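Undergrad: what follows is a predicted protein model with its sequence.
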Amino acid sequence: MMEWAERVSTELSLQQVARNKRSIEKMHAEESADLLICLKERLEFYPLGKSEPFFFHPNSAAYRTKRPLEKDPLIVVSNLKSGDSFLDCTLGLASDALVASQRVGDGGRVIGCESHPILSYVVQQGLKQYSETPHLMDAMRRIEVVASDAVSFLQKLESDSIDVVYMDPMFTEEIAEATNFTALKGLADSGQLTEQWVTEAKRVARKSIVLKAHFRSHDFEQFGFVRRVRPNTKFHYGVISLEQENNF
Ligand SMILES: C[S@@+](CC[C@H](N)C(=O)[O-])C[C@H]1O[C@@H](n2cnc3c(N)ncnc32)[C@H](O)[C@@H]1O
């Protein structure tokens, strides 16, 4: 564990300190810093002043991947198929990326881009180490995590190089029952979609660009996504289908 802590501190250029059985509260007070705790089975991130950690777990992907994947709304809307490539511009906890990874299978490729350096590191480690959902093992190991802002990363990619480009920025509206994201609240990049982001996504994607946003969001209309209304849900998916554009 000490070796692991050493490696983490080197990779992230963070100072390494011994815990010495101190509580998180005491460590926060004494170190005056965010804490990344190396435990036997996972990394836990405690930003200064927070008592709840952020750590990797498969979240909704654990049950979504037990249902028929071809009926999952993200798969339906994106038309993602086995063997496809998928870029998740806003990886977060990687639940959506995991569903996509399960769908594309061995012959496919999934890249997850996350701008928050610690979140992306914690999720990257989790995807490598997590072993409590055996049916998702391959899907987890397949995801390539990139710590970068989505637009800068898209700019480095060739045109028409990825089948589906996906974005799920933080909601600006509070969703009371979305407890899965409480750990991300206040930590994550709250940046919103821009023209440049959509333009780059259109250049890179072959099949479709998919946006997930709050049902009251105007981003669908503003950026030209066709909204797929899902009755009784707080978030909608929208799609820009490039296959259709190419077919006409
Ligand atoms: C709503 S969460 C995504 C949740 C994710 N779809 C999942 O299934 O867990 C949005 C995430 O995208 C990240 N993010 C926001 N803007 C970004 C950007 N421009 N580039 C890369 N990551 C971004 C945030 O830090 C946050 O972790």
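TA: The structure has been received and is ready for your questions. Numbering: from 1, shown residues only.
Undergrad: rest of the way, CA atoms for contacts and neighbours
TA: OK.
Undergrad: so which elements touch the longest strand seen in the chain?
TA: Counting by DSSP state E, the longest strand found in the chain is strand 205-214. Strand 205-214 makes packing contacts with helix 73-78, strand 162-167, helix 195-204, strand 235-241, helix 242-247 when contacts are defined by 3 or more CA pairs under 8 Å, 6 or more residues apart in numbering; DSSP states H and E.
Undergrad: ranking the ones you listed by mean pLDDT, which is last?
TA: Mean pLDDT is lowest for helix 242-247 out of those, coming in at a mean of 63.
Undergrad: show me what contacts the spatially most central residue of the chain?
TA: For the chain, residue 91 is the residue whose C-alpha lies nearest the centre (CA atoms, centre = their mean; 1.5 Å). Applying CA atoms under 8 Å, 6 or more residues apart in numbering, we find residue 91 in contact with 97, 112, 113, 114, 120.
Undergrad: what secondary structure does it sit in?
TA: coil (DSSP: H, G, I helix; E, B strand; the rest coil).
Undergrad: which of the helices and strands packed on strand 205-214 sits most buried?
TA: strand 162-167 (a mean of 24; mean count of other CA atoms under 10 Å).
Undergrad: wait, which of the helices and strands packed on strand 205-214 is closest to residue 4?
TA: Shortest separation from residue 4 across the helices and strands packed on strand 205-214 is recorded for strand 162-167, at 32.3 Å, computed as CA to CA.
Undergrad: got the contact list for the closest one?
TA: 78, 80, 84-90, 201, 204-212.
Undergrad: paired strands for that strand, with orientation please.
TA: strand 85-88 (parallel), strand 205-214 (parallel) (DSSP bridges).
Undergrad: got the angle between it and helix 195-204?
TA: Relative orientation of strand 162-167 versus helix 195-204 (axes from the mean of the first three to the mean of the last three CA atoms, to 10 degrees): 160 degrees.
Undergrad: residue 96 - how many residues pack around it?
TA: By other CA atoms under 10 Å, 23 other residues sit near residue 96.
Undergrad: for the one 4 residues further on, same thing?
TA: Applying other CA under 10 Å, we find 32 residues neighbouring residue 100.
Undergrad: what helix or strand does it sit in?
TA: Taking DSSP states H and E as the criterion, residue 100 maps to helix 95-104.
Undergrad: within range of the ligand, give me the residues from this protein.
TA: 89-96, 113-116, 148-150, 168-170, 188-191 (CA under 6 Å from any ligand atom).
Undergrad: for this protein, just list every one of the strands.
TA: Assigned by DSSP E, the strands in the chain fall at 35-38, 43-46, 85-88, 109-114, 143-147, 162-167, 205-214, 226-228, 235-241.
Undergrad: can you list those strands in JSON lines and add distance to residue 195?
TA: Shown next, in JSON lines, are the strands of the chain (distance: least, CA to CA, whole Å):
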{"stretch": "strand 35-38", "distance to residue 195": "35"}
{"stretch": "strand 43-46", "distance to residue 195": "33"}
{"stretch": "strand 85-88", "distance to residue 195": "18"}
{"stretch": "strand 109-114", "distance to residue 195": "18"}
{"stretch": "strand 143-147", "distance to residue 195": "22"}
{"stretch": "strand 162-167", "distance to residue 195": "13"}
{"stretch": "strand 205-214", "distance to residue 195": "13"}
{"stretch": "strand 226-228", "distance to residue 195": "16"}
{"stretch": "strand 235-241", "distance to residue 195": "14"}
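Undergrad: right, and residue 228 touches residue 240 too?
TA: No. Residue 228 lies out of contact with residue 240 (CA atoms under 8 Å); the separation is 11.0 Å.
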